[in-house]
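Enquirer: sharing a model that was predicted from the sequence below.
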Amino acid sequence: MSPQPRVGVFIDAENIRYNGGYQMRYDVLRRFAAREGGRLQRLNTYIAYDIERADKDGDEDYKRKCHEYHQLIREFGYKVNLKHVRHYRDEDGNITNSKADADLDLAVDAMLQAERLDHILLVTGDGDFLPLVRALQNQGCRVELIGFKHISEELQQQVDAFYSGFTIPDLLPIHYEKDNQWGEVGSCVRGVCVNWLKDKGYGFMRVLNRISADLWVTDTRNPQSPYSSVFFHKSEVDHGIEDRHLMSRDFVFEFYLQPSEQKDGLIATNIRDAYKVNQDHKNK
C-alpha cells in the first residue's frame, strides 16, 4: 500500500436516493473519503436519467434540473455516469415498471480500477454488491460502506467498516434547521444509543462531532476520540420508539443537544427516529 492511500468512491445514487439519502451532500462525502489523507483517485456516481421524459416527452423543466444537478456534482470532482431509465409497458402501452440498473456498470468499473486503488468507499445498501465486495477485498483493497436505510445486513458484515450516512456530520442536511452547527449546544444531530438502562429510565447516545481519521477511537473519554457521549432521559424519547430500538446500535436517532448541569456535559432532547423525520420532511 502506498504511503498516501489511493481512494476510490463508487456511489449507487438511485439506491441511496430511495433509501433515506435524498439530497446527500457530495462535497461532504468527498471530505469523508479523504479523511485519512488519502488521494482521491476515482470519484464515480451512477445516476438514473429518463431520456424519454427529457427528449421524447419534452419535459424541459426535468431536463434543466437534471443538467444543473449533474453539473453541480461534476464541480465537486465526480464523474457522473448516467443510466438511462427503461420503461416497461403492458399490451395496452401503459407503463408498468421503470428501472435504471447501475449495478453492473458500477461493479465492472470498480473491478477494473481496483488494482490502482487501496481504499474503496461504496455508497449503497444493495446486497447484490456482496460478491463485488469480496472480490475487491481479495485483491487487497480495504472496502468501506456508507448507507442510510434498508441496508443489507450481509453487506454490512462483509465490508471492513460500515458507517450510517445519517450519523456523518452534515452529510445529510437538516433542512428545518437552516443555521445548524452540528455538535454545538442547541444544534440538531444524529447518533446511536450505546447504553440504555431500562430499569433506571436513562441512557447515553454517541454522536460523531467531526469527520476524522480517528473514527475507530469510540471511547469518548479518550481526548483523541471524535465522538461525544450524551445523556438522555426516557421522558425525551418519542412515544413511537421502543426499548428494542434503544438497545440496537443499528437504529439512528435525531435529537437536540442541550447543556447539562455537569461540567462540559450534554443532554439529548426531543429524541426521534432519524429516518422517519427525514422521510416526513421529504414528503412535505
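Expert: Alright, I've got the coordinates. Since this is a predicted model, take the numbers as computed values, not measurements. Numbering: from 1, shown residues only.

Enquirer: contacts, neighbours, all on C-alpha from now
Expert: Fine.

Enquirer: show the contacting residues for Tyr78.
Expert: Arg42, Leu43, Asn44, Thr45 (CA atoms under 8 Å, 6 or more residues apart in numbering).

Enquirer: can you redo those as a markdown table with secondary structure?
Expert: Below are the contacts of Tyr78 laid out as a markdown table (DSSP: H, G, I helix; E, B strand; the rest coil):
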| residue | secondary structure |
| --- | --- |
| Arg42 | strand |
| Leu43 | strand |
| Asn44 | strand |
| Thr45 | strand |
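
Enquirer: can you pull out the helices in the stretch 101-250 of the chain?
Expert: 103-113, 130-138, 153-158, 243-246 (DSSP state H, counting those that start in this stretch).

Enquirer: of those, which is nearest Gly265?
Expert: Distance to Gly265, taken as CA to CA, is lowest for helix 243-246 among the helices of the stretch 101-250 of the chain, at 20.6 Å.

Enquirer: which residues are contacting the closest one?
Expert: For helix 243-246, contacts defined as CA under 8 Å, 6+ apart pick out Cys193, Trp196, Lys198, Phe251.

Enquirer: closest to Asp61 among these?
Expert: Phe251 (37.5 Å).

Enquirer: so what's the residue count around that closest one?
Expert: Residues within reach of Phe251, counting by other CA atoms under 10 Å, total 17.

Enquirer: from the contact counts, what lies against the longest helix belonging to the chain?
Expert: Longest helix of the chain, by residue count under DSSP state H: helix 60-75. Packing contacts for helix 60-75, counted by 3 or more CA pairs under 8 Å, 6 or more residues apart in numbering; DSSP states H and E, involve strand 79-84.

Enquirer: quick one: average pLDDT of the strand it packs on?
Expert: Strand 79-84 comes out with an average pLDDT of 92.

Enquirer: okay, now the sheet partners of it, with direction.
Expert: Partners of strand 79-84 in the sheet, by DSSP bridges, are strand 39-49 (parallel).

Enquirer: contacts for the strand it pairs with, please.
Expert: By CA under 8 Å, 6+ apart, strand 39-49 touches 4-14, 33-34, 66, 77-85, 100, 102, 106, 117.

Enquirer: now swap in stretch 108-116 and tell me
Expert: Arg6, Phe10, Leu132, Ala135, Leu136, Gln139, Cys141.

Enquirer: buried set for that stretch?
Expert: Ala110, Ala114 (16 or more other CA atoms under 10 Å).
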